[in-house]
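A.B. asks: kindly generate the corresponding structure for this input.
(chains A and B)
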Amino acid sequence: MSRPEYTLTEADVKEANRRYLRVSIGGFNYATQNGTGVVYGLAKALRKLYPNDDDYAEALLNESKYFNSQPYFASAIIGAALAMEQELGIEGKDAIQDFKTGLMGPTAGIGDSIFWIMMPAIFTPIAAAMAYEGSIVGWLIECAYWIVLAFFRRRFFLYGYKLGGQFVPLIKDQLSLVTDAIGILGLTVLGALIPSTITVKTPLAWELSTGNSIVIQDMLDTLLPNFLAVVITAIAARLLVGKKITMVQLVFGVLIISVILSALGILA
Amino acid sequence: MFGMNILQALLIILFAGIMGADVMGPQHFLFWRSPVGQCLITAAILGNPMAGLPVGASLALMSLGVVGLGGASVPNYRITSIVTTIVVLQTGQPFEVGLAIGLPVGMMNVYLDVMIKTIGATLATNAQKQIENHEFEKGTNTALIILAMNICQYVLPVALVIFAGQPVVEALVNIIPNWLYKGLQVAGKMLPVTGMAMLLNYMPVNKHWQFLCLGFVLYSYLNLKILPIGIIGLIIAVTHYKRELGLSRMTVNAVAGGDMEDE
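C.D. replies: Purely as a prediction, here's the structure:
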């Protein structure tokens, strides 16, 4: 392997970070997903490493291939990829490609569930509950969390560059434990969230000949409080398993079914 | 223009644009991800920040878990937030009517999103050809073109609603029959289910289902609020983490010890 003659300075790496942050997932497309963003981010740094046009084109084409992960981890992976370009040069292009494709799947799974699913599921309901009471404190707590995250967000690329290939074992050991713990916290909150946010009731009642009536909602409440919320969520979750229906179809479906059931007097 | 002055209109459009540029790029101002923040800021531009809070709270719960993972297109609740806030604050209609306008606009965005990603695919393939032909400037800047389209995805619908939406809204408000209005109220209570379903699919339910039950019991039977339930969850999570960490270290030690004996 031939190491490129030019050694990237700290300023070069920081510039690559800034460029990559500017686009991140903004260049998403169905052909190469975020490959366009990687090319834009690394273009200037790679030009310095590969003064020869043919090498430069080859490196760019290699980096332009299919790439997608959770943005924070994506930054770290691309930072590490740049470190590999520096160390291995153009002959390392297959190793770089393998490194990127090997890591993007697992990190996307972990990153998406921590940063886009669980943490919002913990902060958003608190912000919403306080907002209903006319207070912005909950929202400010959420903001504080995001600001801390943004601070790290600016540095993931640089961490990745420093770590280079050592990046992999580090992620494996620590993150699975952290994800598991956050999963427990997220599930506890979600257990409370389902009954507290889905508040439909049924106005159905049986008129008995004696003049009394059996109110269905009361029956359900004795059976299990917030019974309807549990049933509806279970059905919706089942439908999403294995992408039987998409999110868009689910939102449309809920909208239409709500209006129909309301018109029939089954839900209120 | 919903009784806004031109400055307010432009500020809201600018807000939508900055939000688009940030969400698709640096993601530094992620608090704009929360509908509470989006509605608060839109309402502040309209001169009554606090009026945006209940709108934002309802939308936050509806959109929770609605995230476009792996490049999936989902209804754009950020645009729904802006549009719903405008309708509620400027026409004095209840939240349900605002939602009846805001939600379809957010859903229409899915088609815009799919269109951009499809055009983007052609551009990306084209960019690879340009790089092959050593047209480096063009080939490496393609991401910026797609980013610009994504910003338009935020700016255009909001601008369209602000400048051309009022007659549509007024017409709709007049023809919405009572049963549909009631149906929308039910839909408002039902829609959070979409996010909950998504969350369930991404959380380790099979492994840790008992904590889902715990949260449910704490809320439904003991009537605790979300914040204390979150704190209880945090305590359990930290305890679990420490225990697992201890166990994994013990296994590492045991394995290391075993190896030495073998030698």
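A.B. asks: any idea how far residue A:31 is from chain B?
C.D. replies: Distance, residue A:31 to chain B, by Cβ to the nearest Cβ, to the nearest Å: 4 Å. From N, CA and C alone the C-beta is placed, and that goes for glycine too.
A.B. asks: ok, then the element right after the host helix or strand of residue B:122?
C.D. replies: Element membership for residue B:122 (DSSP states H and E) is helix B:95-132. Next along the chain after helix B:95-132, taking DSSP H and E as the criterion, comes helix B:136-140.
A.B. asks: give me the contacts around stretch A:41-61.
C.D. replies: Contacts of stretch A:41-61 from elsewhere in the structure, counted by Cβ atoms under 8 Å, 6 or more residues apart in numbering or on different chains, are A:4, A:6, A:8, A:12-13, A:15-17, A:19-23, A:39, A:63, A:78, A:81-82, A:85-86, A:89-90, A:93, B:128, B:131-132, B:134, B:136, B:139-140.
A.B. asks: now intersect those residues with the helices, please.
C.D. replies: Counting by DSSP state H, the part of those found in helices is A:12-13, A:15-17, A:19-23, A:39, A:63, A:78, A:81-82, A:85-86, A:93, B:128, B:131-132, B:136, B:139-140.
A.B. asks: rewinding a little: narrow the contacts of stretch A:41-61 to just the buried residues.
C.D. replies: Neighbour counting by 16 or more other Cβ atoms under 10 Å in any protein chain shown classes A:4, A:8, A:12-13, A:15-17, A:19-23, A:39, A:63, A:78, A:81-82, A:85-86, A:89-90, A:93, B:128, B:131, B:136, B:139-140 among these as buried.
A.B. asks: for chain A, give me its nearest residue in chain B.
C.D. replies: residue B:215 (2.3 Å; Cβ to the nearest Cβ).
A.B. asks: neighbours around that residue, how many?
C.D. replies: Neighbourhood size, residue B:215 [other Cβ atoms under 10 Å in any protein chain shown]: 27.
A.B. asks: for it, which non-adjacent residue is closest in space?
C.D. replies: Excluding the flanking residues, the one nearest residue B:215 by Cβ to Cβ, 6 or more residues apart in numbering or on different chains is residue A:191, at 2.3 Å.
A.B. asks: tell me the buried residues in whatever helix or strand the one you found lives in?
C.D. replies: Here residue A:191, judged by DSSP H and E, is contained in helix A:167-197. For helix A:167-197, burial by neighbour count (16+ other Cβ under 10 Å) applies to A:167, A:171, A:175, A:177, A:179-197.
A.B. asks: all helices for the stretch 1-150 of chain A, in order.
C.D. replies: A:10-23, A:35-49, A:53-63, A:71-88, A:93-111, A:119-132, A:137-153 (DSSP state H, counting those that start in this stretch).
A.B. asks: and the helix or strand of chain B with the lowest mean pLDDT, what other elements does it pack with?
C.D. replies: Using mean pLDDT, DSSP states H and E, the weakest-scoring helix or strand in chain B turns out to be helix B:226-262, at a mean of 77. If you count contacts as 3 or more Cβ pairs under 8 Å, 6 or more residues apart in numbering or on different chains; DSSP states H and E, helix B:226-262 packs onto helix A:119-132, helix A:167-197, helix B:205-220.
A.B. asks: got those helices as a markdown table, with distance to residue B:39 and mean pLDDT columns?
C.D. replies: Supplementary listing: those in a markdown table, determined by distance: least, Cβ to Cβ, whole Å; pLDDT from 0 to 100:
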| stretch | distance to residue B:39 | mean pLDDT |
| --- | --- | --- |
| helix A:119-132 | 9 | 86 |
| helix A:167-197 | 17 | 80 |
| helix B:205-220 | 25 | 92 |
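A.B. asks: out of those helices, nearest to residue B:55?
C.D. replies: Nearest to residue B:55, of all those, is helix A:119-132, at 9.0 Å by Cβ to Cβ.
A.B. asks: who touches that closest one?
C.D. replies: For helix A:119-132, the external contacting residues (Cβ under 8 Å, 6+ apart) are A:136-139, A:141-142, A:145, A:182, A:185-186, A:189-190, A:193, A:196-197, B:33-34, B:36, B:53-54, B:56-58, B:60-61, B:64-65, B:67, B:199, B:225-227, B:230, B:233.
A.B. asks: alpha carbons of it, as CSV, please.
C.D. replies: Extracted as CSV, the C-alpha positions of helix A:119-132 are listed here (Å, rounded to 0.1, in the frame of the first residue of the first chain):
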residue,chain,number,x,y,z
MET,A,119,-34.5,9.6,23.3
PRO,A,120,-37.3,11.5,21.7
ALA,A,121,-39.8,9.1,23.2
ILE,A,122,-38.5,10.1,26.6
PHE,A,123,-38.2,13.9,26.1
THR,A,124,-41.1,14.7,23.8
PRO,A,125,-44.0,13.5,26.1
ILE,A,126,-42.5,15.4,29.0
ALA,A,127,-42.3,18.6,26.8
ALA,A,128,-45.8,18.0,25.5
ALA,A,129,-47.3,17.3,29.0
MET,A,130,-45.9,20.6,30.3
ALA,A,131,-46.8,22.5,27.2
TYR,A,132,-50.5,21.5,27.7
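A.B. asks: off-centre distance for it?
C.D. replies: With Cα atoms, centre = their mean, to the nearest Å as the basis, helix A:119-132 stands 18 Å off its chain's centre.
A.B. asks: show me what residue of chain A gets nearest to chain B.
C.D. replies: For chain A, the residue closest to chain B is residue A:191, as judged by Cβ to the nearest Cβ, at 2.3 Å.
A.B. asks: which residues touch that residue?
C.D. replies: So residue A:191 contacts B:211, B:212, B:213, B:214, B:215, B:216, B:217, B:218, B:219, B:229 (Cβ under 8 Å, 6+ apart).
A.B. asks: which of those are buried? Put it as a ChimeraX command.
C.D. replies: Here is the ChimeraX selection string for the buried members of the contacts of residue A:191, based on 16+ other Cβ under 10 Å:
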select /B:211,212,214,215,216,217,218,219,229
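A.B. asks: adding distance to residue A:214, write the contacts of residue A:191 out as a markdown table.
C.D. replies: Below are the contacts of residue A:191 laid out as a markdown table (distance: Cβ to Cβ, whole Å):
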| residue | distance to residue A:214 |
| --- | --- |
| B:211 | 35 |
| B:212 | 31 |
| B:213 | 29 |
| B:214 | 32 |
| B:215 | 31 |
| B:216 | 26 |
| B:217 | 27 |
| B:218 | 30 |
| B:219 | 27 |
| B:229 | 33 |
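A.B. asks: quick check: angle from the helix holding residue A:191 to helix A:93-111?
C.D. replies: Going by axes from the mean of the first three to the mean of the last three Cα atoms, to 10 degrees, helix A:167-197 is angled at 30 degrees with respect to helix A:93-111.
A.B. asks: following element in sequence after helix A:167-197, please.
C.D. replies: Per DSSP H and E, the first helix or strand lying C-terminal to helix A:167-197 is strand A:205-207.
A.B. asks: quick one: the next helix or strand after that next one to chain centroid distance?
C.D. replies: Downstream of strand A:205-207, the first helix or strand assigned by DSSP H and E is strand A:213-215. Computed by Cα atoms, centre = their mean, the chain-centroid distance of strand A:213-215 equals 46 Å.
A.B. asks: with stretch A:144-162 instead?
C.D. replies: Distance, centroid of stretch A:144-162 to centroid of chain: 15 Å (Cα atoms, centre = their mean).
A.B. asks: list of residues touching that stretch?
C.D. replies: Stretch A:144-162 is touched from outside by A:13-14, A:16-17, A:20-21, A:71-73, A:75-83, A:115, A:119, A:123, A:167, B:26-31, B:33, with contacts defined as Cβ under 8 Å, 6+ apart.
A.B. asks: list the buried residues in that stretch.
C.D. replies: Going by 16+ other Cβ under 10 Å, stretch A:144-162 has these buried residues: A:145, A:146, A:149, A:150, A:153, A:156, A:157, A:158, A:160, A:161.
A.B. asks: from residue B:26, how far off is the fourth one?
C.D. replies: Taken as Cβ to Cβ, to the nearest Å, the spacing of residue A:150 relative to residue B:26 amounts to 8 Å.
A.B. asks: my read: residue B:34 touches residue B:60, true?
C.D. replies: Yes - contact criterion Cβ atoms under 8 Å: residue B:34 and residue B:60 qualify, at 6.0 Å.
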